[in-house]
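**Q** starting from these lines, generate the structure:
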Amino acid sequence: MTTAENIKQDLPPKGGYRPISFARVFPKPFASTRAMVATYVACSGIGWYLYLLNDKQIDKYQVENRSALIALTPLLDAEADREYLKQLRRNREAEEELMKNVKGWKTGTLYGEPVYKTVGDKLIPPSYNEYYMHSPDDVLLDRAYWHKYL
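**A** Here you go, the predicted model:
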């Protein structure tokens, strides 16, 4: 068992503790104001130089892309028109195949009576439903409705 003689009390050091500093201490500046302004100006100048170099390159690419689009647009339009007429031909052949056993049916008419009597040889563009009549339903829905929301 311990006695009161063996207990040593914790006391302050001789001469006391040093005074507590409660004044506000500011950090030392990283660099002088002149050095920071000079660094900002240098970085901005280099950045603008690199931006202008990149801008010239982007302009060249955009001119090339526009030129390619202008050159290819007639070809792509012609191919789209060609595919449109081929699909109309496929629809006509599918109608002939489907209605071959119906007596008095003439392809392109409604029981021998022309639907459009006054148009002559002018092409009347079919509606979506007529154009995609012999296609799967999802193709019609994709082209007519869903492409607007994608």
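**Q** count the neighbours of residue 132 for me.
**A** By the other CB atoms under 10 Å criterion, the neighbourhood of residue 132 contains 19 residues. (C-beta placed from N, C-alpha, C; glycine too.)
**Q** for the longest helix seen in the chain, packing partners?
**A** Among the segments of the chain that qualify as a helix by DSSP state H, the longest is helix 33-98. Applying 3 or more CB pairs under 8 Å, 6 or more residues apart in numbering; DSSP states H and E, we find helix 33-98 packed against helix 128-131.
**Q** give the buried residues for the helix it packs on.
**A** Applying a neighbour-count criterion of 16 or more other CB atoms under 10 Å, the buried positions in helix 128-131 are residue 131.
**Q** begin at 38 from now on, thanks
**A** In the new numbering, first residue 38, that becomes helix 165-168.
**Q** packing partners of the helix or strand following that helix?
**A** Beyond helix 165-168 in the direction of the C-terminus, DSSP states H and E gives the next helix or strand as helix 174-181. Helices and strands touching helix 174-181, as assessed by 3+ CB pairs under 8 Å, 6+ apart, comprise helix 165-168.
**Q** and the helix it packs on, average pLDDT?
**A** Across helix 165-168, pLDDT averages out at 84.
**Q** same check on stretch 95-108?
**A** In this model, stretch 95-108 has an average pLDDT of 96.
**Q** tell me how this structure divides into domains.
**A** Structurally, the chain divides into domains by automatic domain parsing as follows: 73-138, 153-187.
**Q** report the distance from the shortest one to the chain centre.
**A** Relative to the chain's own centre, domain 153-187 is displaced by 28 Å; criterion: CA atoms, centre = their mean, to the nearest Å.
**Q** and the domains of the chain as a markdown table, adding distance to residue 51?
**A** Formatted as a markdown table, those follow (distance: least, CB to CB, whole Å):
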| stretch | distance to residue 51 |
| --- | --- |
| domain 73-138 | 49 |
| domain 153-187 | 84 |
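**Q** looking at those domains, spot the one closest to residue 61.
**A** Using CB to CB as the measure, domain 73-138 is the one of the domains of the chain that comes nearest residue 61, at 23.0 Å.
**Q** distance between the closest one and the chain's centre?
**A** Centroid displacement of domain 73-138 relative to its chain, using CA atoms, centre = their mean, is 14 Å.
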